[in-house]
Each structure stands twice: as C-alpha cells, then as structure tokens.
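Quick one: sequence and predicted model below, then my questions.
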Amino acid sequence: MKNMFFTFIVAISLFPVPAFAHGTGEQYQREMMMNSYVLIGSAILFALFLILHFSAKNKVNSPVVKVYKWGWVLTLVGVLVTGGMYLWGNRSSGAADVTTLHHIHGLGYSSDGQRILIPAHDGLRVYSQGQWSIPETAKHDYMGFSMIDDGFYSSGHPAPGTKLKEPLGIVKSKDEGKTIETLDLAGETDFHGMTASYKSHTIYAFTPAPNSKMKSKGLYYTKDETKTWTKSEMKGINEDLSALAVHPTKDSVVALGTDSGVYLSKDYGQNFEKILPDIQVTSLSFDNEGALYVGGLAEKPLLLRFDLETKKTGEIEIPTLKDDAVTYFTQNPVNKNELVFATYNKDIYLSGDKGVSWTKIADKGKGISQSKH
C-alpha cells in the first residue's frame, strides 16, 4: 500500500506548472524540451495507472482500486494540460515570431543588397524583404564587425561549445557566418575598434594592449589579411577613439571619431587633421561613393554627410531620438538610396529614399517585421 501511495505522489509531482516561452531562443528551447519530458512522463504514468486500475477492478472494496482510478484520471489531466501547453508554445513562441537584439555590435548589407546583417551578442540577426529572421549559425559574440564585398571580418568571443579560441582575434566568413576562418591573434585580443575597406579588404584595428603581432597600444593596418601588420603613427590624435571607418576603395583614407570631432588621414593613419569640430562622434561610415557619414551629438542627436572632395557637410534628417544617438550606419551596396542606422537604445531605422523618410524596423531591440501582402 505504501508503495502505491508513493507512486501516486510521484504522479502528482509530475503535473506540469505554467511555463511560457520567453527570453532568448536558447531559453525557449530549454523550456520546450522540459515540457516534452513532462508530457512523456505523464503519458507513461497514465498508461501505467490505467493498466493497474483495470487489472485490479475486480477488487471492488479495495482502496487500491480507488488509488489507481484517481491515478489515471489525474495523469490524464496532466497529459492534456501539458500537451496543450506544448502545442501553444510551438504556435505562439517569441522565438518564431519576434527577433530580439540583445545588443547591436555592427550593421552591414550582404553583397547583393538583399539582407541586412546585425551582430546581436548571441549571433547574427537578418532583416530581408520586410522580415526578421535568425540564421542557423553559431551564436558568436561578434565585435568590430565589418562587411566587405565577399563576406565579413570580425573579432569578439566564440559561442559556448565551439572549438574557437577565446577571444576570437580576427576571423572571416564568406557565407554570412555559416563557416568561420580564423585569420590572426586568436586567444590574444578582442578588437572592438576595427574596420575594413569594402573593396580592397584592408583591415584597420585598434589594439588596447600589446600582443604577439602588435608591440604597443595603437592603430594598425594590414593589406594582406593579417599576414603582416603596420603601425599607424596617428600624428595629430591625442584623444580617445570613439569610432573608426575606412574608405571603400581608397584604403589609405581612414577616419577617426572622438568626443571633440572627426579626424581624417590620407596616408594610412600616419597623419590626421580635424575635418569636423564640435561634435561628439558616435559612429562613422563611408558610403559607396566615398562620402563620410557621421553620427553624433551636437546639442542634439544628428547624422551628417561629409563630401571629401568638396568639403561640404550636409545634415540628414532623422527621426527624433530621445536620450539616444546613432551608433551604426550603412548604405546598401546595390541601391545607393537605401540607408539604415542603429542607435544606442537598439532602435533601427531604414530609408529607401536616401533619408527623406524613415521606417522603424526595430524598437528597443525588438525586430519589427512588415506585414505581408
């Protein structure tokens, strides 16, 4: 009798409790897996109690029959409830319908201009044709993310469970993160300040501390995908860097941002001159034509376009940003009228008319997919 009541108590303890999918995709998967285990366990106990009940039902006055009866009734309820929760979770999960950007560590278009790639702390997110998606790639924490015409370069931290060294050093992918090639300094340096020339593939990286290839703190560049590095003297710079960008074709042209303005070098970072004063720079990016886009703060958040040839500066009208600023900007490599920028508060705006109007495609880290017609 004691064993029977013990079995009954075990059955009760296995009844499901409300657990709705939330948070990251990994959390959702764990919760759904737990629900499936509970569902299977409840089904097994239901079958066991049902068999025991019918095998002992001739013992009319025995309390054992009542225990078995209540056992299969309650476990049946458990099966129905757990099954309903499992189906509901699959249909309404945030992992399927909502893309979460826990952080934004970069912004770039695929070479065909069809997809916007965003490194979001736990892997990449993709926005294409009005829809958000999470690609089936390793969830590396990319930093210094830089798109080029045949893929991207990046630094950062490897996803848990991978065989890549911590930190990543400098890596490259030609298939939007499906495979990763380690180029240099794996296990040594995490480059937050890094950029690459879109066409020529020259990489600039600022190291906060010496490593095996960079003997002192500072800005370095490589024209042969990290086989050799050259240090930039950075003459004219005596402030901390806040942003970094390199011309898409003229790899000797590099721009630096600080809290006091924008500096430009035309000799691989050996000498800099200030081209835009009185602006706290939060982002820098060259467009396809070689103009420099500057995100920053000067009494208000703003986005500027600086023409290197004419030296003229124009302001791009952007939506009102409250306690916020532009952190990343990029232009579609195929359609020069399509612009996109991200902010500190993890909002993302897209324009199809070169900044005349903007559509919000992410709000505080929540991807906003457009309605399908």
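It's in. Numbering: from 1, shown residues only.

which residues of the stretch 201-350 of the chain fall in strands?
Shown for the stretch 201-350 of the chain, the strands assigned by DSSP state E, counting those that start in this stretch span residues 203-207, 218-222, 230-231, 243-246, 254-257, 261-265, 273-277, 280-286, 292-297, 301-306, 313-316, 326-331, 339-343, 348-351.

which of the ones you listed is buried the deepest?
Mean neighbour count, computed with mean count of other CB atoms under 10 Å, is highest for strand 254-257 among those, reaching a mean of 27. All C-beta spots, glycine's among them, are computed from the backbone N, C-alpha and C.

for the closest residue to Leu219 other than its chain neighbours, what are its contacts?
With CB to CB, 6 or more residues apart in numbering as the measure, Ser232 is the residue that lies nearest to Leu219, at 4.2 Å, once sequence neighbours are left out. Neighbouring residues of Ser232 by CB atoms under 8 Å, 6 or more residues apart in numbering: 204, 218-221, 254, 265, 268-270.

Which of the three states applies to Ile40?
Here Ile40 takes the helix state, with states given by DSSP: H, G, I helix; E, B strand; the rest coil.

what's the distance between it and Ala47?
11 Å (CB to CB, to the nearest Å).

before we move on, what about His201?
Distance, His201 to Ala47, using CB to CB: 63 Å.

Mind checking which of the two has more residues around it?
His201 (19 against 14; other CB atoms under 10 Å).

dump the residue contacts of that one.
Residues in contact with His201, defined by CB under 8 Å, 6+ apart, are 148, 153, 225.

try 6 Å
Contacts for His201 were tallied using CB atoms under 6 Å, 6 or more residues apart in numbering; they are Ile148.

Just the pLDDT at the residue nearest to Leu219, thanks.
Looking at Ser232, its pLDDT stands at 98.

do you know how far it is from Ala205?
Applying CB to CB, the value for Ser232 to Ala205 is 10 Å.

Was I right to think Leu292 contacts Arg305?
No. In this structure, Leu292 sits apart from Arg305 without contact. The criterion is CB atoms under 6 Å, and the distance is 7.4 Å.

How far off centre is stretch 186-202?
Here stretch 186-202 shows a centroid-to-chain-centroid distance of 18 Å under the convention CA atoms, centre = their mean, to the nearest Å.

and Ala47, that one's in a helix?
Yes. Inclusion of Ala47 in a helix is indicated when three-state DSSP is applied.

Give me the spatial nearest neighbour of the most centrally placed residue in the chain, chain neighbours excluded.
The geometric centre of the chain, computed from its C-alpha atoms, lies nearest to Ala120 (CA atoms, centre = their mean), at 1.4 Å. Taking CB to CB, 6+ apart as the measure, Ala120 lies nearest to Leu101, with 4.4 Å between them; neighbours along the chain are not counted.

Might one say that Thr359 is in contact with Leu350?
Yes. In this structure, Thr359 is within contact of Leu350 by CB under 6 Å, at 5.1 Å.

what residues are shared contacts of those two?
With CB under 6 Å, 6+ apart, Thr359 and Leu350 have no common neighbours.

what domains does the record give for the protein?
Here the domain parsing of the chain from automatic domain parsing is 2-96, 100-367.

just for the stretch 251-373 of the chain, where's the confidence low?
The model of the stretch 251-373 of the chain has pLDDT under 70 over residues 372-373.

switch to 90 and redo it
Low-confidence segments of the stretch 251-373 of the chain, defined by pLDDT under 90: 370-373.

show me what contacts Thr230?
Each residue near Thr230 by CB under 6 Å, 6+ apart is listed here: Tyr221.

now swap in Ile237 and tell me
By CB under 6 Å, 6+ apart, Ile237 lies in contact with Phe272.

try 8 Å this time
256, 258, 263, 272.

can you check Gly108 too?
Per CB under 8 Å, 6+ apart, neighbours of Gly108: 116-117, 145-147, 152, 330.

farthest pair in these?
Between any two of the contacts of Gly108, the greatest separation by CB to CB is 14.5 Å, found for Ile116 and Ser146.

So between those two, which is more surrounded?
In this view Ile116 and Ser146 are compared by other CB under 10 Å, and Ser146 has more residues nearby, 27 against 23.

ok and the helix or strand containing the more buried one relative to strand 326-331, angle-wise?
Secondary structure assigned from DSSP states H and E places Ser146 in strand 141-148. Here strand 141-148 runs at 30 degrees with respect to strand 326-331, directions being taken by axes from the mean of the first three to the mean of the last three CA atoms, to 10 degrees.

Which of the residues in strand 141-148 are classified as buried?
In terms of neighbour count (16 or more other CB atoms under 10 Å), strand 141-148 has its buried residues at 141-148.

can you check stretch 223-238 too?
If you call a residue buried by 16+ other CB under 10 Å, then stretch 223-238 has these buried ones: 223, 225-226, 229, 231-232, 234, 237.

Reformat these as a markdown table; add distance to Gly296.
Below are those laid out as a markdown table (distance: CB to CB, whole Å):
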| residue | distance to Gly296 |
| --- | --- |
| Lys223 | 29 |
| Glu225 | 31 |
| Thr226 | 31 |
| Trp229 | 29 |
| Lys231 | 27 |
| Ser232 | 22 |
| Met234 | 20 |
| Ile237 | 17 |
